[in-house]
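Engineer: Here is a sequence together with a model predicted from it:
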Amino acid sequence: MDLSRAKWVLIVAFLGLNIFLLYQIIIEEGMDNPVLFGRKEEVSRLETALQQANLSLDTSLPRGGISVAYLVVMPWQPDAEDVAAMLWQGLENEEDDNDFSPDNLVIKDDPENNIRSWRFGSYELRLCKEGTFQLQHAFKGLEPEQKEEAAEEFMKRVSFLQDFVYDYIIAEQDKTVLYYRQDYGDFPLYAGYVQFYSNGEPDSKVHFYRLEPLGFGEQQREVIPPSTALWRFLEAYLETEQDVLPTAIVEFSLGYYGEEYDAERWEIPPVWRIRLLNGEVFYINAFTGYLEN
């Protein structure tokens, strides 16, 4: 091959490479820039779909282009007596659990509903299927505002709840639910939660579920853009919600979520969490775009 022909081959090769790279840049920028390459039309369609769903977008969409991996977890499998002792310490604001005796635990089984309960003092701890716990008869005689303060102090005193953080609160006329979530690394772990329920009764119920994260998987993938997740959410919302009252999207965030499983270990996918002002919460798989149950 002569020198001039070799030069032309190199020129054509570099030109092809530049065109390819330019195309990639255009596509990536167009994902997050609504004014490029027809994105105005997509924004208009999103606005129309939001109006059809009686929804307003009261938060900004986060940036896309993030690469993450699955999160590997295993169930939290503590000794129920130890859990009861730590809860007693947190509820009674004791420096230690010397006043708590496992001999005073009253154990009751409910095979029909797959529930086992432990009574200690005036409290009752229930272990339900897939490892979810319920604490009954906590924070008696407190006003709603006092219960919020007591819940905050309770979270600080119970050692296995200290990696949970405040998430949000839903306050209605006859019910208030205070939500905390588990965190791992820089991400919310929505699958782990603590929920304080007040229904106008003299006491409160506390539901909690904890996971043991083992680490992230080795293979990272780029998550779908937030605009795509919003599209997928609106499609599902319009299919399932009919004649709904107007409400708003108040949160759009990236974290990890999965259902409770009776397994030794499993993988939890990243999700875009979409939370509405009316209390509804939706999780869109950030890899597949499917609505998680």
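Structural biologist: That came in fine, so what should we check first? Please read these numbers as outputs of a predicted model, since none were measured by experiment.
Engineer: what about this protein, any weak spots by pLDDT?
Structural biologist: 1-40, 93-99, 102-103, 241-243 (pLDDT under 70).
Engineer: can you give me the helices in it?
Structural biologist: Listed in chain order, the helices of the chain (DSSP state H) span 3-32, 39-52, 80-92, 144-157, 226-240.
Engineer: and stretch 186-196, which residues are buried?
Structural biologist: Of all the residues in stretch 186-196, those buried under the rule 16 or more other Cβ atoms under 10 Å are 187-196. Every residue, glycine included, has its C-beta placed from N, CA and C.
Engineer: what's next to it, contact-wise?
Structural biologist: 68, 71, 73, 139, 147, 151, 155, 161, 164, 167, 177-183, 204-211, 213, 253-260, 268, 270-271, 273, 283 (Cβ atoms under 8 Å, 6 or more residues apart in numbering).
Engineer: Stretch 218-227 too?
Structural biologist: Taking Cβ under 8 Å, 6+ apart as the rule, stretch 218-227 contacts 31-32, 42, 46, 61-69, 252, 254, 270, 272, 286-287, 289.
Engineer: Endpoints of that stretch, how far apart?
Structural biologist: 27 Å (Cα to Cα, to the nearest Å).
Engineer: and what of stretch 189-208?
Structural biologist: 13 Å.
Engineer: Walk me through the domains of the protein.
Structural biologist: For the chain, automatic domain parsing gives the domain ranges 1-32, 37-70+219-285, 77-209.
Engineer: Turn those domains into a markdown table, columns for distance to N293.
Structural biologist: Formatted as a markdown table, those follow (distance: least, Cβ to Cβ, whole Å):
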| stretch | distance to N293 |
| --- | --- |
| domain 1-32 | 28 |
| domain 37-70+219-285 | 6 |
| domain 77-209 | 12 |
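Engineer: Filter the contacts of stretch 218-227 down to the buried ones and express that as a ChimeraX selection.
Structural biologist: Only the buried entries of those go into this ChimeraX selection, using 16+ other Cβ under 10 Å:
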select :31,46,61,64,68,69,252,254,270,272,286,287,289
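Engineer: Show me the contacts of stretch 218-227 that map onto strands.
Structural biologist: Judged by DSSP state E, strands contain the following of the contacts of stretch 218-227: 67-68, 252, 254, 270, 272.
Engineer: Most widely separated two among these?
Structural biologist: Spanning the widest gap among the ones in strands among the contacts of stretch 218-227 are S67 and F252, at 18.8 Å by Cβ to Cβ.
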